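Undergrad: Dropping a prediction and its sequence here:
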Amino acid sequence: MTGINEPGLGRGKTAFALSAVIAIVLNTVVACTKDAYHPLKLFMASLGDNDWTTQGLADVIVFVGLGLVLMKIGGIEKFDSPRVIPLLVGAVIVAGGGLFAWYLLY
Amino acid sequence: MSIERSDVILLAHATFGVLGVLSALWVFVEALNAREDNEARTRRVSLVVAACMCVAWILGGYWYLHFYPADKAMILKGPWPFAHSVFMETKEHLFFLTLILSLYLPVAAWGKLWANSNARKMVLCVSMLIALTGVAMEGSGAIVNHGAKIAYVRASLRGSP
């Protein structure tokens, strides 16, 4: 997808961009699910001081862990920058807007 | 004058958040003008963004867990309950988006941005997203603060003769 003379993002930047997309979407899904399904909130609270603390730590672990795993996977460079950049921007807009809409309507 | 520990923590949280946003804007400008000369500086400032947001997370988290519950109860009983139910709830979860982007920024900014237009575009996008989500959280913080303030004022007026 990149031009002939344009270098792509490279394995590390692409892997961590994809893990950021997954962690960002997962964060919104977990935030909404734990409100709708109380036992999940209680379970998350039992793992740490508070469900919010657990969620934050889980987000960071998913981002770092998945990024490292994706870096090891061959062919990750196929998701080159023309795909990854809109994917990341779209994930932030959908996840952020989704959070606001959820708390506004819930 | 009486400055409580909770005030210091809360103000430090907001200060580090603003410093993170300003540093993200700094990275954005450096990436716009990416050259061989500013390569190392861009990397260093991207690390400052990540560090500021991590400190803001720890301070904000500590304050949220230890001091916010009393304010939350007041806000929910006050005239602006949405300050908590919409804005604080959104803010506390939206923050993780900013945190993840801030942790990704040093990865994106690593390498020769001046020689790689795709990496440069990624840094521009990520730094701008950090700045925008950061500003949204600062605004939400102001609404939460106002929600608490009017709730306490209303309660004190009710309690006065």
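TA: Nice, thanks for sending it over. Residues are numbered from 1 along each chain as shown, chains lettered A, B, ... in the order given.
Undergrad: Now residue B:110. Nearest residue, chain neighbours left out?
TA: Nearest non-adjacent residue to residue B:110, counting by Cβ to Cβ, 6 or more residues apart in numbering or on different chains: residue B:43, 6.3 Å away. (Each C-beta comes from the backbone N, C-alpha and C, glycine too.)
Undergrad: For burial, what's the neighbour tally of the one you found?
TA: If you count neighbours by other Cβ atoms under 10 Å in any protein chain shown, residue B:43 ends up with 18.
Undergrad: tell me which element it is part of?
TA: Using DSSP states H and E, residue B:43 falls within helix B:39-66.
Undergrad: Could you say whether the closest residue to chain A within chain B sits in a helix, a strand or coil?
TA: Nearest residue of chain B to chain A (Cβ to the nearest Cβ) works out as residue B:118 at 3.7 Å. Classification of residue B:118 using DSSP: H, G, I helix; E, B strand; the rest coil returns helix.
Undergrad: residues near it, how many?
TA: Residue B:118 has 23 neighbours, counted by other Cβ under 10 Å.
Undergrad: Then the one 5 residues further on?
TA: Residues near residue B:123, counting by other Cβ under 10 Å, number 29.
Undergrad: what residue ranges in the chain score low on pLDDT?
TA: No chain in the question, so chain A it is. Low-confidence segments of chain A (pLDDT under 70): A:1-6, A:81.
Undergrad: Chain B, not that one
TA: For chain B (pLDDT under 70), the answer is B:160-161.
Undergrad: How about the residues of it by chain A?
TA: Selection of chain B residues close to chain A by Cβ under 8 Å from any Cβ of the partner chain yields B:57, B:61, B:64-65, B:85-86, B:89-90, B:92-94, B:96-97, B:99-101, B:103-104, B:107-108, B:110-111, B:115-119, B:121-122, B:125-126, B:129, B:133, B:136.
Undergrad: Kindly write the PyMOL command that selects the buried subset of these.
TA: Buried members of these, defined by 16 or more other Cβ atoms under 10 Å in any protein chain shown, are picked up in PyMOL with:
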select buried, chain B and resi 57+61+64+85+86+89+90+92+93+94+96+97+99+100+101+103+104+107+108+110+111+116+117+118+119+121+122+125+126+129+133+136
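Undergrad: Pull the residues that contact stretch A:10-21.
TA: With contact meaning Cβ atoms under 8 Å, 6 or more residues apart in numbering or on different chains, stretch A:10-21 is reached by A:8-9, A:62-68, A:70-71, A:73, A:76-77, A:79-81, A:84-85, A:87-88, A:91, B:100-101, B:104, B:107-108, B:110-111, B:119, B:122.
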